[in-house]
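Asks: Just the structure for this:
(chains A and B)
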2 protein chains.
Amino acid sequence: LSFGAVALPGIPEVRAGDDLAALLLAAGIELAATDVLCVAHKVVSKAEGRVRSLVDVVPGPRALELAATGDRDPRHVQAVLDEADEVVRATAGVLICRTRHGFVCANAGVDRSNTEPDCVVLLPENPDGSARALRAALGCAVVITDSFGRAWRMGQAEVAIGVAGLEVLDDWRGRHDGGGRELAATHIAVADQAASAADLARRKDSAEPAVRLRGLERFVLDHDGPGAAALVRARGLDLFR
Amino acid sequence: LSFGAVALPGIPEVRAGDDLAALLLAAGIELAATDVLCVAHKVVSKAEGRVRSLVDVVPGPRALELAATGDRDPRHVQAVLDEADEVVRATAGVLICRTRHGFVCANAGVDRSNTEPDCVVLLPENPDGSARALRAALGCAVVITDSFGRAWRMGQAEVAIGVAGLEVLDDWRGRHDGGGRELAATHIAVADQAASAADLARRKDSAEPAVRLRGLERFVLDHDGPGAAALVRARGLDLFR
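Replies: Below is the predicted model:
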């Protein structure tokens, strides 16, 4: 088996209301039905107008309190709280939150990099929906990605926050190895692994938000599939609280 | 940017004392100094004799107690406890442990699949050392991998447990995006992403333990580098306890 990853040439700065699928197609790279296009969420969020000016944000008492402990901009903290269902942990360096989608990540995915001054980029409202719309327009599988920290490992890895047309979890329960033993890895997080693979093909500072993965057709579906929602651990199944 | 992933043709069943590097080279795939070879730990462990027969394992009281709650083989549980520094969480389904290396994973990495009946495969004693030895013999960067669950996401993803010759964490602190803002992802877990990418190029049941990644030369070092030890979160920095 083999696959290849190629970053699409840079696309112009994306603004609210832009037709992102058209911009990606204009990059001039061939997309086959069996390809997987991984797209950094930031361009999706920007096209969808999920950018918030901090000028309009009035921090409440909790934001002021949390900001004081970490030398943070209280308006940024308020924007984070507005996107969070729950603050899972607050340290001086980072607010780990559960987003409304169920993702657990730093600052509820609210990000100050790659934006206008005094603006933050939010996660898409419905990343699986965004992925489905892109899939319909592009005709290939789509994974929308973000960089998440991990509870027990240093560094961030790119994960899938929206998926359409790709198997998300490859279920190996009941399948066996050569020796007839059940396999230890029972659900392989294919979509997260695709997101991580794509991240290796682009430089963060190069305005290359999209990477095409070719050779993963055995995971490509003829329908949208369950989406990244299938990667969310239900609150009660959290391995750590 | 782009890269490609190719699974090496299958290698024969590995036994204790086998020269794994020679078996991998005999697979007949070209390995350049700028390539990254990702190797599933199981063949490394087997070559190093890190296989334990459960016939010789006498479960102690704690193993018997933990086994009773989960309908598990108490000898397997004892083998897990023998590899664990700490049981981080015990549920009916799984024992999440911190291994002696500092990795947090299910069953301390002690695995019953792909082994002889009544045997378990342990993690290598010193996976970074194993990776360094393979790098010296193969002349390319080496990542030894295993499938780990994640605290907040469903499914397992392949991660790096031993690394030689590859940048492990790409440090972006202080680097800036086009707009002059600091980047949100400050340490990209390159080695984990390489492990995940490689996993997409092989089938779990196909006895293809090794995958060559070509095109990642910007992360390849001219020395062993810090190894996967750099991916271990110090106990006090755990995002969740």
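Asks: Check which element follows the helix or strand of chain A with the lowest mean pLDDT along the chain.
Replies: Lowest mean confidence among the helices and strands of chain A (mean pLDDT, DSSP states H and E): strand A:170-171, at a mean of 88. Proceeding N to C from strand A:170-171, the next assigned helix or strand is strand A:187-188, under DSSP states H and E.
Asks: Show me what the least confident helix or strand of chain A is packed up against.
Replies: strand A:187-188 (3 or more C-beta pairs under 8 Å, 6 or more residues apart in numbering or on different chains; DSSP states H and E). For every residue, glycine as well, the C-beta is placed using N, CA and C.
Asks: still on that earlier bit, work out the gap between the least confident helix or strand of chain A and the centre of the chain.
Replies: The chain centroid and the centroid of strand A:170-171 are separated by 20 Å under C-alpha atoms, centre = their mean, to the nearest Å.
Asks: Tell me where chain A has helices.
Replies: Here chain A has its helices, by DSSP state H, at A:20-26, A:41-47, A:61-70, A:74-83, A:127-138, A:190-199.
Asks: Any buried residues in the first one, and which?
Replies: Within helix A:20-26, the residues that qualify as buried are A:20-21, A:23-25, counting by 16 or more other C-beta atoms under 10 Å in any protein chain shown.
Asks: can I get the CA coordinates of it in CSV?
Replies: Provided in CSV are the C-alpha atoms of helix A:20-26 (Å, rounded to 0.1, in the frame of the first residue of the first chain):
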residue,chain,number,x,y,z
LEU,A,20,-13.9,28.6,-0.7
ALA,A,21,-14.5,25.6,-3.0
ALA,A,22,-14.0,27.9,-6.0
LEU,A,23,-10.7,29.2,-4.5
LEU,A,24,-9.5,25.7,-3.9
LEU,A,25,-10.4,24.6,-7.4
ALA,A,26,-8.7,27.7,-8.9
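Asks: which other helices and strands contact it?
Replies: Using 3+ C-beta pairs under 8 Å, 6+ apart: helix A:20-26 touches strand A:36-40, helix A:41-47, helix A:127-138.
Asks: what comes into contact with the first one?
Replies: By C-beta atoms under 8 Å, 6 or more residues apart in numbering or on different chains, the list of residues contacting strand A:36-40 from outside reads A:20, A:24, A:31, A:134, A:138, A:140-146, A:158, A:165-166, A:194-195, A:197-199, A:209-214, A:216, A:219-220.
Asks: again with stretch A:54-69
Replies: By C-beta under 8 Å, 6+ apart, stretch A:54-69 touches A:72-79, A:81, A:87, A:90, A:92, A:95, A:118-120.
Asks: okay, how far is it across that stretch, tip to tip?
Replies: 20 Å (C-alpha to C-alpha, to the nearest Å).
Asks: model confidence over it, on average?
Replies: Here stretch A:54-69 scores 94 as its mean pLDDT.
Asks: for stretch A:187-205, same thing?
Replies: Averaging pLDDT along stretch A:187-205 gives 93.
Asks: Okay, now the unreliable bits of chain A?
Replies: Low-confidence segments of chain A, defined by pLDDT under 70, are located at A:92, A:113-115, A:174-185, A:204-206, A:236-241.
Asks: related to what we said a few turns ago, how about the helices and strands packed on helix A:20-26 in JSON lines, adding distance to residue B:173 and mean neighbour count?
Replies: Listed next are those as JSON lines, based on distance: least, C-beta to C-beta, whole Å; neighbours: other C-beta atoms under 10 Å in any protein chain shown:
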{"stretch": "strand A:36-40", "distance to residue B:173": "19", "mean neighbour count": "27"}
{"stretch": "helix A:41-47", "distance to residue B:173": "19", "mean neighbour count": "24"}
{"stretch": "helix A:127-138", "distance to residue B:173": "27", "mean neighbour count": "22"}
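Asks: Residue B:2: which of the ones you listed is closest?
Replies: Of all the helices and strands packed on helix A:20-26, strand A:36-40 sits nearest to residue B:2, with 13.0 Å by C-beta to C-beta.
Asks: from the chain's centre, how far out does that closest one sit?
Replies: Per C-alpha atoms, centre = their mean, the displacement of strand A:36-40 from the mean C-alpha position of its chain is 10 Å.
Asks: Now it - C-alpha only, CSV.
Replies: The C-alpha coordinates for strand A:36-40 follow below in CSV (Å, rounded to 0.1, in the frame of the first residue of the first chain):
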residue,chain,number,x,y,z
VAL,A,36,-9.1,13.2,0.3
LEU,A,37,-8.6,17.0,0.6
CYS,A,38,-7.6,18.1,4.1
VAL,A,39,-8.3,21.8,4.7
ALA,A,40,-7.1,23.8,7.7
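Asks: partner strands of that strand, parallel or antiparallel?
Replies: strand A:141-149 (parallel), strand A:210-214 (antiparallel) (DSSP bridges).
Asks: mind listing what residue A:186 touches?
Replies: A:171-173, B:156.
Asks: For these, which ChimeraX command selects only the ones that are buried?
Replies: A single ChimeraX command selects the buried members of the contacts of residue A:186 (16+ other C-beta under 10 Å):
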select /A:172 /B:156
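Asks: so residue A:196 touches residue B:157, yeah?
Replies: Yes - counting by C-beta atoms under 8 Å, residue A:196 touches residue B:157, with 7.3 Å between them.
Asks: can you list residues touching both of these two?
Replies: With C-beta under 8 Å, 6+ apart as the test, residue A:196 and residue B:157 both reach A:157, B:192, B:196.
Asks: my read: the first one touches residue B:190, true?
Replies: No - taking contacts as C-beta under 8 Å, residue A:157 lies outside contact range of residue B:190: 9.3 Å.
Asks: circling back: and the least confident helix or strand of chain A, which strands flank it?
Replies: strand A:187-188 (antiparallel).
Asks: now the strand it pairs with, how far from the chain's geometric center?
Replies: 18 Å.
Asks: for residue A:164, what are its contacts?
Replies: A:128, A:131-132, A:134-135, A:141-142, A:224-225, A:227.
Asks: Give the bridge partners for it, please.
Replies: Beta-bridge partners of residue A:164, as defined by DSSP bridges: residue A:142.
Asks: what's the spacing between it and chain B?
Replies: 18 Å (C-beta to the nearest C-beta, to the nearest Å).
Asks: hang on, the earlier thing: in CSV, list the contacts of residue A:186 along with distance to residue A:40.
Replies: Rendered in CSV, the data for the contacts of residue A:186 read as follows (distance: C-beta to C-beta, whole Å):
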residue, distance to residue A:40
A:171, 28
A:172, 29
A:173, 32
B:156, 24
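Asks: Quickly name whichever of the contacts of residue A:186 is closest to residue A:14.
Replies: residue B:156 (33.6 Å).
Asks: Could you give the number of residues near residue A:57?
Replies: 19 (other C-beta atoms under 10 Å in any protein chain shown).
Asks: give the contact list for the nearest residue to it once chain neighbours are set aside.
Replies: Leaving aside its sequence neighbours, residue A:57 sits nearest to residue A:75 (C-beta to C-beta, 6 or more residues apart in numbering or on different chains; 4.2 Å). By C-beta under 8 Å, 6+ apart, residue A:75 lies in contact with A:54, A:57-59, A:63.
Asks: go again using 10 Å as the cut-off
Replies: Residue A:75 sits next to A:52-59, A:63, A:67, A:118, A:120 when contact means C-beta atoms under 10 Å, 6 or more residues apart in numbering or on different chains.
Asks: How much space separates it from residue B:193?
Replies: 33 Å (C-beta to C-beta, to the nearest Å).
Asks: now residue A:2
Replies: For residue A:2, the distance to residue B:193 equals 18 Å [C-beta to C-beta].
Asks: Nothing else from me, thank you.
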